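> Have a look at this fold, sequence not included:
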């Protein structure tokens with residue numbers, strides 16, 4: 001089969017590799033759609049996790065091609081999405097329902113072959129039926145599950161005023177989730193005018209400047225969410241949260257980066273600072289929200305490309321060119 005392989009940082013190519021065979025309890029999925037995530041780019045650049053060579057891709061959906069012995073929930077032809085994080089369910093973290101901190105953690109597309117290939121293996125308990133949901137939408141199950149976990153940690157209350165910093169695909173997913181959870185007002189800030197226009201169409205108020213003259217009012221928001229992972233922006237979140245407010249640092253910062261926060265305002269305002277790492281049993285929630293239409297991701301896909309265009313897609317995402325939002329690869333040509 002055809003598979004994208006990153007054999008060293010900065011170098012990826014499509015190769016012919018052996019077709020995998022499902023073992024006991026495993027499902028073989030023919031990948032119809034696989035989103036490019038910031039984690040894939042970090043792996044490509046040699047900045048985050050992953051061992052080489054690796055086939056990236058953890059935002060994936062497709063059709064069951066074969067099943068191993070003991071699989072009961074699926075049969076060939078079923079349409080599915082995949083949860084990439086694989087926990088051992090035996091370590092202290094797993095036994096405390098913190099599977100995202102599993103001491104024996106593995107992940108499809110990070111430590112195991114991923115979805116940027118024609119076929120990928122996954123354990124049965126990491127596979128979810130998507131019914132008639134389009135594959136390009138089902139590829140959002142994984143990022144939406146992470147967003148749901150983050151927002152559950154942030155615990156937005158009905159009628160909260162929420163600020164989202166960053167209007168990329170994750171920022172807009174955070175915005176959509178906050179609206180579903182009952183936000184009364186939602187402001188999105190980004191310097192990219194095309195992304196702001198999309199955020200406005202999706203239901204948010206928007207602003208393109210950080211200063212307080214026509215920009216973001218200080219101490220106004222019940223919840224401030226950083227979706228950028230940019231340290232300089234993460235540092236400013238404490239300015240915008242009201243006394244007693246909450247801050248969710250959701251975006252992935254560069255490895256080894258540091259932030260500096262003004263300590264006294266955090267104390268004076270009694271702020272709660274939170275972060276969020278992957279997800280915990282949120283995939284079924286994500287599937288249901290996508291199937292119901294409560295969260296519609298159809299307009300977030302800006303480009304659909306073959307595997308061979310991975311490196312070009314990374315360049316486009318990093319530069320923010322061509323109105324790029326979510327880029328979907330089609331490994332099986334679907």
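Arrived safely, thanks for sending. Just so it is clear, the model here is predicted, and its values are computed rather than measured.
> What are the buried residues along stretch 13-29?
14, 17, 20, 22, 26-29 (16 or more other CB atoms under 10 Å). (Each C-beta comes from the backbone N, C-alpha and C, glycine too.)
> Just the closest of the residues you listed to residue 71, please.
residue 27 (6.1 Å; CB to CB).
> Surely the closest one and residue 121 touch.
Yes: Residue 27 is within contact range of residue 121, at 7.3 Å (criterion: CB atoms under 8 Å).
> any idea which helix is longest in this structure?
Determined from DSSP state H, the single longest helix within the chain is helix 141-154.
> how much does the next helix or strand after that one deviate in direction from helix 141-154?
Sequence-wise, the next helix or strand downstream of helix 141-154 (DSSP states H and E) is strand 161-165. Angle between the axes of strand 161-165 and helix 141-154 is 130 degrees (criterion: axes from the mean of the first three to the mean of the last three CA atoms, to 10 degrees).
> same for strand 161-165, what does it pack against?
Contacts defined by 3 or more CB pairs under 8 Å, 6 or more residues apart in numbering; DSSP states H and E place strand 161-165 against helix 169-180, strand 185-189, strand 221-226.
> To residue 303, which of these lies closest?
helix 169-180 (11.6 Å).
> That closest one to helix 141-154, inter-axis angle?
Using the same axes, to 10 degrees: helix 169-180 against helix 141-154 is 50 degrees.
> packing partners for helix 169-180?
Helix 169-180 packs on helix 141-154, strand 161-165, strand 185-189, helix 193-201, strand 221-226, going by 3+ CB pairs under 8 Å, 6+ apart.
> Dump these to JSON lines, plus mean neighbour count, mean pLDDT and distance to residue 242.
Shown next, in JSON lines, are the helices and strands packed on helix 169-180 (neighbours: other CB atoms under 10 Å; pLDDT from 0 to 100; distance: least, CB to CB, whole Å):
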{"stretch": "helix 141-154", "mean neighbour count": "24", "mean pLDDT": "97", "distance to residue 242": "14"}
{"stretch": "strand 161-165", "mean neighbour count": "26", "mean pLDDT": "96", "distance to residue 242": "8"}
{"stretch": "strand 185-189", "mean neighbour count": "23", "mean pLDDT": "94", "distance to residue 242": "13"}
{"stretch": "helix 193-201", "mean neighbour count": "17", "mean pLDDT": "91", "distance to residue 242": "22"}
{"stretch": "strand 221-226", "mean neighbour count": "26", "mean pLDDT": "97", "distance to residue 242": "6"}
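> For residue 95, which of the ones you listed is the nearest?
Comparing those under CB to CB, the one sitting nearest is helix 141-154, at 18.7 Å.
> which residues are contacting that closest one?
Residues outside helix 141-154 that contact it (CB atoms under 8 Å, 6 or more residues apart in numbering): 35, 37, 58-61, 81-84, 100, 128, 130, 169-170, 173-174, 177-178, 181, 223, 225, 246, 248, 250, 274, 276, 278-280, 282-283, 285-287, 289-290, 295, 297.
> which stretches of this protein aren't confidently modelled?
49-50, 212-214, 334 (pLDDT under 70).
> Quick check, central residue of it?
Closest residue to the average C-alpha location of the chain: residue 143 at 2.8 Å, with CA atoms, centre = their mean.
> Distance of that residue relative to residue 65?
Counting by CB to CB, to the nearest Å, the gap between residue 143 and residue 65 amounts to 24 Å.
> what sits against residue 201?
Taking CB under 8 Å, 6+ apart, one finds residue 299 in contact with residue 201.
> on that earlier part again, could I get the helices and strands packed on helix 169-180 in CSV, plus columns for distance to residue 318?
CSV is the format used below for those (distance: least, CB to CB, whole Å):
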stretch, distance to residue 318
helix 141-154, 18
strand 161-165, 19
strand 185-189, 20
helix 193-201, 14
strand 221-226, 19
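> quick one, which of the ones you listed is nearest to residue 4?
Once the helices and strands packed on helix 169-180 are compared by CB to CB, helix 141-154 is nearest, at 17.5 Å.
> quick one: that closest one to strand 221-226, angle?
140 degrees.
> how far out from the middle of the chain is helix 141-154?
8 Å (CA atoms, centre = their mean, to the nearest Å).
> just stretch 86-99 next, same as before
The answer for stretch 86-99 is 21 Å, by CA atoms, centre = their mean.
> and what of stretch 53-71?
So, by CA atoms, centre = their mean, the centroid of stretch 53-71 is 18 Å from its chain's centroid.
> quick revisit: so which of the buried residues of stretch 13-29 would you say is closest to residue 306?
The closest of the buried residues of stretch 13-29, once distances to residue 306 are taken by CB to CB, is residue 14, at 8.7 Å.
> Helix or strand: which one has the closest one?
Residue 14 belongs to strand 11-16, assigned by DSSP H and E.
> Of all the helices and strands packed on strand 161-165, which one comes closest to residue 310?
helix 169-180 (17.1 Å).
> Direction included, what does the strand holding residue 14 pair up with?
strand 2-8 (antiparallel) (DSSP bridges).
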